[in-house]
Each structure stands twice: as C-alpha cells, then as structure tokens.
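S.K.: Dropping a prediction and its sequence here:
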Amino acid sequence: MFELKIHPGQDKSGTPEAFNTITLHSGTLLAVVGNTGAGKSRLVQDIEQLVQGESVSKRRVVLRENGILCAKTQGLIAHLGQNMRFMLDTNVADFVTLHNQCRGRDIPLETVLDLANTITPEHITATMHLNLLSGGQTRALMIADIALICDSPIVLMDEIENAGIDKIKAFEALLGQDKLLVLVTHDPHTALMASERIVLENGGIAKHIQRTPEEEKLYKLMTSEYALHQQRQQQLRTGASIL
Ligand SMILES: Nc1ncnc2c1ncn2[C@@H]1O[C@H](COP(=O)(O)OP(=O)(O)OP(=O)(O)O)[C@@H](O)[C@H]1O
C-alpha cells in the first residue's frame, strides 16, 4: 500500500497554501483542475520529483510504501504526457518483449494487446511499427504497458479526453492494478470520475474536494451521454449516418 502526502507550500504571490496535509492512497483517482496557468503541471511535477521545498511552490511531497519512506522515484512514478511518442525503432511485439525483460516481468504479448485494443478503436497488431502508430494507438499501448508491465504504483497523466481513446476503459485498466492516478483535466465528466479533486488557483492548492453523492449521480448521467457520444464518433469515423 502506497501513501503520498503533500505538505503545503505557497502560491505565486508567496501566500502560504491553506491546507494541513493532503494524503492520497493507492487505488485512488485524483483529478487536478484549475484555469490555465493555475499551477496544475507544477503540482504534477512536484509529485513526480518528490520535491522537498526546492521547487517554486516550496511544497514537500512524501511517498511511503507500507509506512516506509521511499527516497527515490525511479520505477515508482510513471508520467504519461500530452504529446508522447515512441522513440524506439522496432515493432509492438519487440517493444513488449524488451519492456518485460527490463522490468523482470513475463506478461504475454496477447494480454497487453487485448487490453490496448479495448482502449483504442483502431486495432493494434504485434507487427505494427511503433513509429507508425497513431496518437490514439500510442496512448492505448502505453496505458496497457503501464497497467500490466510497469509496476509503477503512481501514474501521472495529462489530459486524456481528446486522445481518441476510451478514457473509461483506460482508467479502469489502471485503477484495476491498484495504482494512484493523478490526472490533469479540464473536462467535467473526467473530473467527476475521480473520487477527489484538487483545485489550483494562482499557483496554490485552493481546495481539496471529495466528490459528493449528487456529483456521483451526475457522473452516471454524463457516462451514458459519453457512451452515446462515443457511438456517434464511431459513426462519424466510419462514414455512417449519425443518428
Ligand atoms: N506556487 C507557485 N509559485 C510560483 N510559480 C508557480 C507556482 N505554481 C506554478 N508556477 C509557475 O506558473 C506557471 C504556470 O504554471 P503551470 O504550467 O503549472 O500551470 P497549468 O495550470 O499547468 O497551466 P496550463 O493549463 O496552461 O498548462 C509556470 O511557469 C510555473 O512554474
């Protein structure tokens, strides 16, 4: 069980952040929201680097596994950015084999592909070249890779909604592995998927909110709308009439 604690720092004006400590656990989806320039990426970087007051925000972030302090982030924190591309000159099968070897894992290629293919509507095959995958396929393969091969307990993600993938399947895949997911988003549906959310304002954490039962109801309603939207998107892509 991993526990991440965020200790307060200061906002852009140097005003101390008005919370005691925020404690987050494995298996949680946390949404990070706020206006552009409000400090969302800074917070994500603070977590990624387990800062100890040296960043502009002066926050301290402490990670513990079963109560024991983790001093290094290596292998513990995975970050999926907005514009990620594979740099390896190889195909999907070789990448999966290579990453299994690096991580000392033995996850079958079919298992990774099956999961990736539930996340993207564009089918990924073993022989496809990594550099020729579309944006959606790249993200889906990375998410399946993080869920199954990487054992990083914490996953940081920037905006997922416009990536042409099924975001619900993507989050289910990651949360099923008991990871702590920290997700930057501007989308109300994605934000309400999270049981808690942090609101940034002027570089500081202004609020840490637990999702209310009313919001949970609204989330379910928005999920049916999302399913309909996905269906129409597929009709659009395949040239069918949109009903
Ligand atoms: N607490 C802080 N103190 C000083 N500067 C800060 C603080 N937080 C963020 N900044 C700075 O403010 C700028 C904007 O922050 P950041 O990029 O994190 O915002 P953002 O919410 O991710 O914006 P966007 O949505 O446009 O990507 C950056 O230069 C960042 O270093």
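M.R.: That came in fine, so what should we check first?
S.K.: Now name the helix or strand holding the residue nearest the centre of the chain.
M.R.: Computing the C-alpha centroid of the chain and ranking residues by C-alpha atoms, centre = their mean puts M157 first, at 3.2 Å. Element membership of M157, judged by DSSP states H and E, is strand 154-158.
S.K.: how about the CA coordinates for that strand, as CSV?
M.R.: What follows is strand 154-158, C-alpha atoms only, in CSV (Å, rounded to 0.1, in the frame of the first residue of the first chain):
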residue,chain,number,x,y,z
ILE,A,154,1.7,6.1,-9.2
VAL,A,155,0.7,7.3,-12.6
LEU,A,156,0.6,11.0,-13.6
MET,A,157,-1.5,11.8,-16.7
ASP,A,158,-2.1,15.0,-18.6
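S.K.: mind listing the strands for this structure?
M.R.: Using DSSP state E, the strands of the chain run over 2-7, 22-25, 29-33, 60-65, 68-69, 77-80, 154-158, 180-184, 196-201, 204-210.
S.K.: Give the rounded mean pLDDT of the strand holding M157.
M.R.: Per-residue pLDDT over strand 154-158 has a mean of 89.
S.K.: hmm, back to that, could you dump the strands of the chain to TSV with distance to the ligand?
M.R.: Just so you know, the C-beta spots here come from the backbone N, C-alpha and C atoms, and that holds for glycine as well. Below are the strands of the chain laid out as TSV (distance: least, C-beta to the nearest ligand atom, whole Å):
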stretch	distance to the ligand
strand 2-7	12
strand 22-25	15
strand 29-33	8
strand 60-65	13
strand 68-69	24
strand 77-80	14
strand 154-158	8
strand 180-184	7
strand 196-201	6
strand 204-210	6
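S.K.: Make a markdown table out of the ones you listed and add distance to I47.
M.R.: What follows is the strands of the chain, written out as a markdown table (distance: least, C-beta to C-beta, whole Å):
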| stretch | distance to I47 |
| --- | --- |
| strand 2-7 | 7 |
| strand 22-25 | 9 |
| strand 29-33 | 9 |
| strand 60-65 | 5 |
| strand 68-69 | 15 |
| strand 77-80 | 7 |
| strand 154-158 | 6 |
| strand 180-184 | 6 |
| strand 196-201 | 11 |
| strand 204-210 | 12 |
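S.K.: All set now, cheers.
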